[in-house]
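J.: Predicted structure and sequence below. I'll ask about it afterward.
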Amino acid sequence: MKHISIPLFSLIFLFAASTALRAQDGSFRAMTFNIRYDTPDDGINRWDNRKDWVADLIRHYGPEVFGLQEALDHQIEDLAGCLPEWAWVGVGRDDGKKGGEYTPIFYRKDRWKMLESGTYWLSEDPEKVGEAGWDASLPRIVTWMKLQQLATGRTVFFANTHFDHRGTKARQESALLILRRLATLLPTDPIVLMGDLNSLPGSMPYQLLEGSMLSDSRFLCRYPPYGPEGTFNGFQLGAYGARIDYIFVNDFWKVQEYVTIADHLDKRHPSDHFPVMVALSLKPL
């Protein structure tokens, strides 16, 4: 399936890709993308009608590392089959195996080496599989991995998550739990945290993350952010709703570009969320 890209963005970002993004300073693209779980209730927007498009979008924009949310096991397998250049890690949140939604992380096998990976649950007992924490309506997880960049030898810590959509306390406590875990990595490791936080800018979970060791990449980029500010569209063309999808980074990074990808075809979007992508480069040691 062909899709319509944003023409101006394509010119800007592909130019950046041809210059800085393959440089030896550790530059690369990272993406967060809530792909919407497969449900027959979505009708024309059900996964079978979108899966090739989602794969085409990822291949076209070429993030070296990307995190997905709401991905069921068969959806991940569909994408992995279309994107053989990427490997992935993750487990289902219900049973720590294949049950329920994943927050998987994909990475380019020819540019990164996986060193460590794992999953923990956003709850009072993070190692208890399938646990829904605090006032959350569902189990929620963080998938993480340490990758070594082959071009530079640098090690980067990536984490991908999806906060609860109902539990106010759960979202706040989830942010605090993630920060406690990330604090053990400082001051040595570059960190990239991505995901659907179901939280607006200015909310308490956002403030906890933004006001700590991390910064919202949207406000660090060298050039003005491109595309709509909102990231939720509900499968409605022109519905640029709330900004709830984020990529946070720590002080090891320069943010070269930031874009919300609002591609569409025949009045349809590939998901009910827009993917967010950044071009990152590591600061010199």
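T.: That came in fine, so what should we check first? Residues are numbered from 1 along each chain as shown.
J.: only C-alpha atoms for contact and neighbour calcs from this point on.
T.: OK.
J.: which strands and helices sit next to the longest helix along the chain?
T.: In the chain, taking DSSP state H as the definition, the longest helix is helix 168-183. On a contact count with 3 or more C-alpha pairs under 8 Å, 6 or more residues apart in numbering; DSSP states H and E, helix 168-183 meets helix 204-210.
J.: coming back round to it: which parts of the longest helix of the chain are buried?
T.: Residues of helix 168-183 classed as buried: 168, 170-179, 182 (neighbour count, 16 or more other C-alpha atoms under 10 Å).
J.: Convert the C-alpha atoms of that helix to PDB, please.
T.: Provided in PDB are the C-alpha atoms of helix 168-183 (Å, rounded to 0.1, in the frame of the first residue of the first chain):
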ATOM      1  CA  THR A 168      -4.600   9.100  37.700                       C
ATOM      2  CA  LYS A 169      -2.500   7.800  40.600                       C
ATOM      3  CA  ALA A 170      -1.100   5.000  38.400                       C
ATOM      4  CA  ARG A 171       0.200   7.500  35.800                       C
ATOM      5  CA  GLN A 172       1.900   9.500  38.500                       C
ATOM      6  CA  GLU A 173       3.400   6.500  40.300                       C
ATOM      7  CA  SER A 174       4.500   5.000  37.000                       C
ATOM      8  CA  ALA A 175       6.600   8.100  36.300                       C
ATOM      9  CA  LEU A 176       8.200   8.000  39.700                       C
ATOM     10  CA  LEU A 177       9.000   4.300  39.400                       C
ATOM     11  CA  ILE A 178      10.600   4.800  36.000                       C
ATOM     12  CA  LEU A 179      12.700   7.700  37.400                       C
ATOM     13  CA  ARG A 180      13.900   5.500  40.300                       C
ATOM     14  CA  ARG A 181      15.000   2.800  37.800                       C
ATOM     15  CA  LEU A 182      16.700   5.300  35.500                       C
ATOM     16  CA  ALA A 183      18.500   7.000  38.400                       C
END
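J.: Past that helix, which element shows up next along the chain?
T.: strand 191-196 (DSSP states H and E).
J.: Can you check what angle separates that following strand from helix 168-183?
T.: Strand 191-196 runs at 160 degrees relative to helix 168-183, counting by axes from the mean of the first three to the mean of the last three C-alpha atoms, to 10 degrees.
J.: pLDDT averaged over strand 191-196 - what is it?
T.: The pLDDT scores in strand 191-196 average 98.
J.: thinking again about what came up before, okay if I get the buried residues of helix 168-183 as a markdown table plus distance to residue 121 and pLDDT?
T.: Rendered in a markdown table, the data for the buried residues of helix 168-183 read as follows (distance: C-alpha to C-alpha, whole Å; pLDDT from 0 to 100):
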| residue | distance to residue 121 | pLDDT |
| --- | --- | --- |
| 168 | 17 | 98 |
| 170 | 11 | 98 |
| 171 | 13 | 98 |
| 172 | 14 | 98 |
| 173 | 12 | 98 |
| 174 | 9 | 98 |
| 175 | 12 | 98 |
| 176 | 13 | 98 |
| 177 | 10 | 98 |
| 178 | 10 | 98 |
| 179 | 14 | 97 |
| 182 | 15 | 95 |
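J.: Of those, just say which sits nearest to residue 199.
T.: Proximity to residue 199 was ranked across these by C-alpha to C-alpha; first place goes to residue 171, at 7.8 Å.
J.: ok, that closest one - contacts?
T.: Counting by C-alpha atoms under 8 Å, 6 or more residues apart in numbering, residue 171 makes contact with 136, 163-164, 197-199, 205.
J.: List only those of those residues flagged as buried.
T.: 136, 163-164, 197-199, 205.
J.: Could you export the residues you listed as JSON lines, including secondary structure and distance to residue 62?
T.: JSON lines is the format used below for the buried ones among the contacts of residue 171 (DSSP: H, G, I helix; E, B strand; the rest coil; distance: C-alpha to C-alpha, whole Å):
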{"residue": "136", "secondary structure": "coil", "distance to residue 62": "34"}
{"residue": "163", "secondary structure": "coil", "distance to residue 62": "26"}
{"residue": "164", "secondary structure": "coil", "distance to residue 62": "29"}
{"residue": "197", "secondary structure": "coil", "distance to residue 62": "23"}
{"residue": "198", "secondary structure": "coil", "distance to residue 62": "25"}
{"residue": "199", "secondary structure": "coil", "distance to residue 62": "27"}
{"residue": "205", "secondary structure": "helix", "distance to residue 62": "30"}
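J.: so which of the residues you listed comes closest to residue 246?
T.: residue 197 (7.3 Å).
J.: Got the phi and psi for residue 217?
T.: Torsion angles at residue 217 (phi, psi; degrees, to the nearest 10) stand at phi -60, psi -20.
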